[in-house]
Each structure stands twice: as structure tokens, then as C-alpha cells.
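Visitor: sequence and predicted model, in that order:
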Amino acid sequence: QSSRFARLPSRLTDLLAQGAIMAASATVSGLLRRMSLQVTGRGYYARFGLSMIDSHESNGTINASHAHSASASNGFTGLNQVRFVSTTRKEFAMHKGNVQGNDEVADGTQSASSSSNIKDVKCNTTEPRAEVEQQQPTGLLAKLKYTMSKENTVAAPGYNRFWNVPFSFLVQVSVGSVYAWSVFNSPLCRELGVVTGAADDWTLTNVLPIFSTCALTLGFTTALLGPWAERSGPRMVATAAGLAWGGGLLLTGLGTQLHTLPLLYLGYGVLGGIGWGLGYISPVSTLMKWFPDKRGLATGLALTAFGGGAMLATPINEALFSFYGELPTYLGSVGDVDLVTEQGRRFAEVGGELKEVVVANSGDLSASGMAGQPGVYVVGTGDSGASKTFMTLGSAYLVSMLAGAFGQRVPADNWKPEGWTPPTSTNSMITTANVHYNQAMKTPQFYLLWCAVAGNAIAGVTMMACAKNLMTEVFGSALPLVVTSGFAATYVAALSGMNMAGRLGWAAASDYLGRKKTYFAFGLGMPMLAALPSLTNYLAQHGGTVPLYAFCASTALVISFYGGLFSVLPAYLADVFGQKHVGAIHGRQLTAWSAAALGGPLLLSALRQSSYDTAIDDLSSKVDPSAFEAQFGAPISDLPQLVDAKTVTIAKLMEIAPLGTIDPTPSLYNTALYGMAGLVGAAALCNAFIKPVDAKHHIKETQ
């Protein structure tokens with residue numbers, strides 16, 4: 001019974017399609033009757049306005065029939081000029097005007113005849129298709145639908161397939177900026193305090209799941225809308241992606257301005273996730289059709305720009321923060337301002353009334369990128385620049401993605417690169433058969449590959465989501481003169497560059513190594529991740545820049561594996577399940593990425609918070625209670641309230657900790673790093689068990 005329910009969406013789709021076909025048949029039949037169409041001879045294909053006209057041969061004479069199709073056989077006629085096109089043994093015609101009469105073929109020249117005139121038309125033997133346009137669509141919606149339709153994006157003969165690459169890049173670069181999310185974590189966590197977090201500011205635990213929600217929406221979008229994207233074509237899909245992504249960023253900016261967290265989840269998390277999903281899968285599927293001779297290179301080209309989107313977005317975002325950011329009102333140094341502590345919050349008298357304030361030290365100012373002085377600042381009087389940055393980016397990405405959408409083209413059916421013959425593969429992991437996307441989900445290969453993707457992805461996506469926070473927290477306190485806000489932003493951009501390089505490099509390498517061996521190479525991330533806590537422990541005890549550079553190099557290589565993971569995936573799927581339904585299967589496989597992007601940052605956030613709370617308790621037990629009360633204006637018994645209000649932090653406790661106390665900040669992420677190493681190892685095991693799909697799952701040739 002469950003299988004019947006599983007087939008229900010397919011049956012509903014079939015019924016709707018049949019209804020659409022019947023309605024279209026009636027419309028086309030009426031149109032053809034009005035044109036008195038009757039043609040004889042071999043087959044033709046044409047398009048009347050919005051309708052695609054197929055021809056079917058039957059005893060030398062074929063009449064207009066079903067579903068957007070009309071018949072033709074030995075010729076095509078018209079009162080106006082007719083342009084005939086011949087490809088191998090089929091002829092096509094492009095015609096404007098009424099259709100009536102007969103046509104004859106003679107030695108490469110075809111003549112269009114009618115009751116009123118006869119015009120010779122030269123035969124074009126190179127064009128693979130032709131169009132008969134009886135009328136242009138009228139009305140704004142009809143014209144828009146026609147412009148966006150997949151049929152209207154079929155490339156003309158001689159189209160250079162590499163032209164599709166830059167237009168795909170415009171879409172991919174825009175949605176690829178999602179990997180720069182980590183640069184927003186800090187501004188969002190100090191939106192009210194600006195120079196440091198205020199009591200009512202969001203925490204990392206509040207804002208990090210926005211990225212995870214976006215990734216979860218991506219998974220649902222690709223899984224549910226993957227088949228629709230294949231049917232609708234890249235122009236329609238990329239346009240929808242641009243509207244969702246750009247609109248989502250604009251709504252996120254509004255939510256930041258109003259300090260309303262649900263709007264951020266709705267804008268970036270939901271709308272942004274839809275735009276991300278649609279903008280991700282469309283160029284991949286299209287370029288794979290254009291480059292059947294180099295599947296790995298095709299996916300690498302499609303996703304290189306996506307991986308590099310954050311490399312461009314990071315410095316742009318930082319520049320916008322600086323342009324829009326404003327320092328809050330400065331009251332003076334801590335010693336010059338009378339501070340009052342109530343329920344963990346700090347207050348100072350301003351203009352005869354108490355105002356909530358924050359106390360920022362040099363480390364806070366360095367992390368915020370604000371050029372201010374250490375001391376007391378009034379909450380709610382400055383601007384982190386996050387809101388206006390979101391709105392600026394939303395507008396710019398909307399324009400960029402729409403430009404990319406209108407440049408998209410798809411090859412004609414059964415198109416092949418000139419001079420290329422599909423090779424007969426001797427690799428058992430590369431199938432020449434095809435598996436339907438619904439049937440693929442009944443194979444163990446689908447779930448083994450899903451787990452391999454999820455396990456490998458969790459390390460990369462977690463680092464990308466938290467890169468700036470990880471760098472500033474792990475190394476900022478130990479190396480404050482080296483690891484500034486600018487250094488951390490450069491680190492994020494460098495990781496994005498490795499993500500981009502990994503997508504192109506590993507995808508191209510997979511054409512020679514094979515997809516399975518390439519996925520085995522990604523398992524090298526396990527020992528690298530497991531070694532990172534040793535570097536942070538060494539840093540905490542001995543200092544020095546060697547751990548910093550070793551950490552940067554190791555994480556950069558791990559991120560290259562992450563980039564390669566997704567650029568190789570479509571080609572891996574095509575090898576295992578065949579090319580025919582790879583777009584829809586790819587969309588469903590991306591739910592593995594969503595699971596990793598949802599679980600990874602949340603797991604890291606939870607483990608980091610646990611380590612942070614333990615470190616606070618440990619440090620507070622070592623400090624002098626009188627020094628604590630003098631520093632924070634409240635007894636140590638109020639520690640929970642002070643921590644919740646962000647008045648007490650590890651950095652501020654270290655200022656009054658006994659000499660020789662080791663700063664626990666560099667070790668906050670150690671447990672998370674060990675966990676990610678274990679998951680990468682499990683992913684390598686899943687990849688090892690992937691074998692060719694059983695022939696019983698293949699689509700039969702008659703299907």
C-alpha cells in the first residue's frame with residue numbers, strides 16, 4: 001500500500017499532463033482548421049506561436065493531431081516565404097503567414113507553392129531544427145511565459161557551448177556568496193552593542209541556525225523541484241532563483257533593521273534557501289548536457305564560480321560593513337564613567353537618565369573591525385552595517401542572476417559535440433544504462449552515496465559557516481596583533497578560493513582517476529581534522545605562529561575536498577545511475593548536503609557552548625571574588641546573570657585571572673573537530689561499499 005502512495009504524485013502528474021495535452025490538442029486543432037493545413041510528404045517539425053508542432057508519418061500523408069503536434073509529410077507550404085531545413089533524412093521548415101498548398105523537393109531546392117505565387121527557397125542542410133511562427137504570443141504573461149520556456153532557450157546551430165559558462169557563472173557566483181555567511185555572524189551578534197554584544201543582542205546559537213535553515217530549504221527545494229527544473233529549463237529556473245535569493249536578502253535586511261529574528265529565518269533561511277537550491281542545480285544540469293564528453297570538467301566549470309562566490313563576497317561584505325557601520329556614542333574609559341550593574345546589565349547616566357551600555361576592550365574593537373577606543377559605549381546608538389549590507393547585496397544579486405538567466409541556452413535533443421562519439425566504457429562503475437529517479441531511491445547505491453556525501457560534507461560546511469568565528473576565537477586571543485578582523489576575513493576568502501579550486505581541480509582529476517577513487521582521496525580529511533586539536537593545544541601552552549599557519553593549510557585542504565565532493569557528485573551519479581535522470585537524482589542527493597549543513601553547525605555550536613560554559617566555570621573558580629566584584633560591579637554569585645547579559649566573558653575573566661592561567665579559548669572547538677574527523681572516516685567506508693547498480697533497476701529500452 002505504501003508503494004501505491006509513493007506512486008500517487010506520479011499518477012497525478014500524468015493525469016494533469018494528459019489534461020493539458022487534451023486542451024492543447026483542441027486549441028491546436030482549431031488553429032489548424034482555421035489555417036486549412038494539409039501537407040504531404042516526409043516529416044517536418046515546426047512551432048506555431050507557443051505550440052511545438054511535431055510531424056508523424058503515416059502512409060505518406062499526415063494530418064494535424066495530438067498534443068501540440070501537427071503532421072506533415074512530403075513538404076510544407078505557404079503563401080509567404082518558407083525556409084526549409086534538411087538534417088540527414090528529415091526536413092524542417094520555417095514559415096510566416098498562412099499555411100496552405102503543396103511543396104515539392106527537387107535536388108536540394110525546395111519550392112513553396114500556393115494558389116497565388118511560387119517562390120524558390122534554398123535548402124539549408126546544417127540546421128537541426130526549424131520554426132514555423134504563425135503568430136507571436138500576445139499579452140504580457142503569454143510573452144513572459146514564451147520567453148522563459150525551455151523550447152525558447154534551445155540553442156541555434158553553431159552555438160558555442162562555452163558561451164553558456166559565463167552566464168552560469170553569474171548565477172553561481174551570486175548564490176555561492178552563501179559561503180560568506182560566517183562574516184555576518186559577528187555583526188548580527190552585536191547589532192545593538194555594535195562594538196561588542198549587548199544583553200539583548202543575538203548569540204551565535206541564535207544566528208548560526210539561519211545558515212542551517214537555508215541549507216535545509218536547499219535540500220527540500222532540490223529534492224521536490226528537481227524534476228520541475230529539468231522540465232522547465234534553465235532560464236525559468238534561474239529567474240525563479242534570482243527572485244527568491246535577491247528577495248530573501250532584502251527581507252533579511254529588513255529583519256535585521258527591525259531586530260526581528262523570525263524575518264531573518266524567513267528571508268535568508270527559507271527564501272534564500274529556495275534561491276540557493278534552484279540556482280545551484282540548474283547550471284549543473286545544463287552544462288553537463290553541453291559537455292557530455294567531459295562530465296567532470298562540466299560540473300567543475302558549473303560549480304567553480306559557486307565555490308568562489310564567497311571569495312568575492314567576503315571582501316565586498318567587509319567593505320560594505322565599513323561603509324555603512326557607525327560607532328556608537330562613546331562615554332569615556334571605564335575609570336571615567338560611573339557604572340551601575342542591574343540584573344547582569346551595565347548602565348551609565350546619560351543626560352540625566354540611565355542608559356544601557358557595553359564595555360569594550362581592545363580585543364572587542366579589533367574583532368569588530370571598528371576604529372574606536374576601549375571604554376564605555378551606549379547601546380543602540382551605532383550601526384553594525386549588517387542591515388544595509390543585506391539590502392545592497394539583495395539588489396545586486398537580483399540583477400546579476402536575472403542577467404545570467406536570460407543568457408542560458410540548452411542544446412537540442414540528441415545533440416553531440418562535433419566529431420565526438422560516446423565511448424564504450426570498460427569501467428564497471430560507469431553505466432551505459434539509465435535508472436529512473438524514483439527507482440534510484442530503491443537502490444542501496446543511492447543511500448551509500450548519500451551517507452558518503454553527508455559525512456564528507458559536514459566538516460567543510462561547518463568550517464565555512466563558522467570560519468571567521470573559529471579563526472578569531474581560536475587564534476585571536478593568543479595572537480591579537482596577527483589575527484585581526486581583516487586577517488580573519490582574508491582567511492574566509494582564502495577558504496572560498498580553495499573551495500573554488502577544489503571544485504574545478506578535483507572534478508577534472510576525476511575524469512582520469514575515476515569518481516570512486518576521487519571520493520577515497522577525500523577521506524584524507526579524517527587524519528587532518530583529528531590533528532587540529534593538537535595544534536590548538538600547543539598554541540594555548542606555547543604560543544607562536546607555526547600552529548596558525550599549519551591550521552590554515554590543513555583546513556584549506558579540507559575545504560578543497562569539500563568543494564571537490566560536490567563538483568564530482570553529478571558525474572558520479574551519472575556514472576552510477578545514467579545520464580537521463582541525473583538532474584532529478586542530483587536534487588535528491590543534495591538532501592545529504594542539507595543534513596550536513598543542518599547538523600554540522602548546530603553540533604559545533606552546541607559543543608562549543610558546552611566547552612565555553614565549562615571554561616567560564618573553571619576560570620571563575622580561580623579568580624579572586626573581590627577582584628571579580630570590582631571588575632563587574634556584582635558578586636560572583638551573580639555569574640549566570642552576568643554571563644547571559646554578556647557582561648562576563650572568557651576574555652574579561654582572563655584580565656583578572658591569576659598569572660600563569662592558560663587561556664581556554666583556543667580549545668573551545670576541539671571536541672567538534674574530533675567529531676567531524678570521525679564522520680569523514682565513516683563516509684569513506686560508505687564509499688567503499690558502492691558497486692554498480694543491479695540491472696533490474698535499469699530503464700528498459702522500450703520505456
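Guide: Nice, I can see it. Residues are numbered from 1 along each chain as shown.

Visitor: same for the host helix or strand of Val284, what does it pack against?
Guide: Secondary structure from DSSP states H and E places Val284 in helix 272-290. With contacts defined as 3 or more C-beta pairs under 8 Å, 6 or more residues apart in numbering; DSSP states H and E, the packing partners of helix 272-290 are helix 164-176, helix 204-232, helix 234-258, helix 295-324, helix 546-577, helix 582-620. C-beta here means a position set from N, CA and C on the backbone, and glycine is covered the same way.

Visitor: sketch out the low-pLDDT regions of the stretch 301-450 of the chain for me.
Guide: For the stretch 301-450 of the chain, the stretches flagged by pLDDT under 70 are 301-302, 423-431.

Visitor: those strands in it, which residues are they?
Guide: Counting by DSSP state E, counting those that start in this stretch, the stretch 301-450 of the chain has strands at residues 330-332, 339-342, 345-350, 353-360, 375-378.

Visitor: just say which of these is most tucked in.
Guide: The highest average neighbour count among the strands of the stretch 301-450 of the chain, using mean count of other C-beta atoms under 10 Å, belongs to strand 375-378 at a mean of 22.

Visitor: who does that strand pair up with?
Guide: strand 330-332 (antiparallel), strand 353-360 (antiparallel) (DSSP bridges).

Visitor: then that strand to PDB, C-alphas only?
Guide: C-alpha atoms of strand 375-378 as PDB (Å, rounded to 0.1, in the frame of the first residue of the first chain):
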ATOM      1  CA  GLY A 375      35.800  52.100  27.100                       C
ATOM      2  CA  VAL A 376      32.100  52.500  27.500                       C
ATOM      3  CA  TYR A 377      29.600  52.800  24.700                       C
ATOM      4  CA  VAL A 378      25.800  53.500  24.700                       C
END
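
Visitor: pull the distance from it to the chain's centre.
Guide: Remark: strand 375-378 is offset 40 Å from the chain centroid, using C-alpha atoms, centre = their mean, to the nearest Å.

Visitor: for stretch 238-249, same thing?
Guide: 12 Å.

Visitor: which SS state does Thr661 fall under?
Guide: Secondary structure for Thr661, judged by DSSP: H, G, I helix; E, B strand; the rest coil, is coil.

Visitor: doesn't Ile650 make contact with it?
Guide: No. Between Thr661 and Ile650 there is no contact under C-beta atoms under 8 Å: 10.8 Å.

Visitor: looking at the two, which is more packed in?
Guide: Ile650 (18 against 14; other C-beta atoms under 10 Å).

Visitor: ok, that one - contacts?
Guide: For Ile650, the contacting residues are Ser477, Tyr612, Ala615, Ile616, Leu619, Asp663, Pro664, Thr665, by C-beta atoms under 8 Å, 6 or more residues apart in numbering.

Visitor: run the last query once more with 10 Å
Guide: Ile650 makes contact with Glu473, Ser477, Tyr612, Ala615, Ile616, Asp618, Leu619, Ala657, Asp663, Pro664, Thr665, Leu668, according to C-beta atoms under 10 Å, 6 or more residues apart in numbering.

Visitor: pretty sure the second one belongs to a strand, no?
Guide: Translated: Ser477. No. Counting by three-state DSSP, Ser477 falls outside a strand, being coil.

Visitor: quick check, it in contact with Asp663.
Guide: Yes. With contact defined as C-beta atoms under 10 Å, Ser477 counts as touching Asp663 (5.4 Å).

Visitor: intersection of neighbour lists for the two?
Guide: Leu539, Ala540, Ile650, Ala651, Met654.

Visitor: okay, the residues you listed in JSON lines with distance to Gly351 and secondary structure next?
Guide: Formatted as JSON lines, those follow (distance: C-beta to C-beta, whole Å; DSSP: H, G, I helix; E, B strand; the rest coil):
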{"residue": "Leu539", "distance to Gly351": "46", "secondary structure": "helix"}
{"residue": "Ala540", "distance to Gly351": "44", "secondary structure": "helix"}
{"residue": "Ile650", "distance to Gly351": "34", "secondary structure": "helix"}
{"residue": "Ala651", "distance to Gly351": "30", "secondary structure": "helix"}
{"residue": "Met654", "distance to Gly351": "34", "secondary structure": "helix"}
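
Visitor: what about the residue nearest to Gly476 when sequence neighbours are not counted, distance to Lys145?
Guide: Using C-beta to C-beta, 6 or more residues apart in numbering and skipping the chain neighbours, the partner closest in space to Gly476 is Val483 (4.6 Å). Here the criterion is C-beta to C-beta, to the nearest Å. By it, Val483 lies 53 Å from Lys145.

Visitor: of those two, who's got more company?
Guide: Val483 (22 against 14).

Visitor: and the more buried one, helix, strand or coil?
Guide: With three-state DSSP as the criterion, Val483 reads coil.

Visitor: how much space separates it from Thr462?
Guide: Counting by C-beta to C-beta - Val483 and Thr462 are separated by 20 Å.

Visitor: ok, back up a step: so which of the helices and strands packed on helix 272-290 gets nearest Asn434?
Guide: helix 546-577 (7.2 Å; C-beta to C-beta).

Visitor: now do the closest one, average pLDDT.
Guide: The average pLDDT within helix 546-577 is 90.

Visitor: with stretch 189-206 instead?
Guide: Mean predicted lDDT for stretch 189-206 stands at 92.

Visitor: tell me which residues in it are buried?
Guide: For stretch 189-206, a neighbour-count test (16 or more other C-beta atoms under 10 Å) marks 189-199, 201-202, 204 as buried.

Visitor: a markdown table for the residues you listed, including distance to Val237 and secondary structure?
Guide: As requested, the buried residues of stretch 189-206 are exported to a markdown table (distance: C-beta to C-beta, whole Å; three-state DSSP):
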| residue | distance to Val237 | secondary structure |
| --- | --- | --- |
| Cys189 | 35 | coil |
| Arg190 | 37 | coil |
| Glu191 | 34 | coil |
| Leu192 | 39 | coil |
| Gly193 | 41 | coil |
| Val194 | 40 | coil |
| Val195 | 43 | coil |
| Thr196 | 43 | coil |
| Gly197 | 40 | coil |
| Ala198 | 42 | coil |
| Ala199 | 44 | coil |
| Asp201 | 38 | coil |
| Trp202 | 33 | coil |
| Leu204 | 34 | helix |
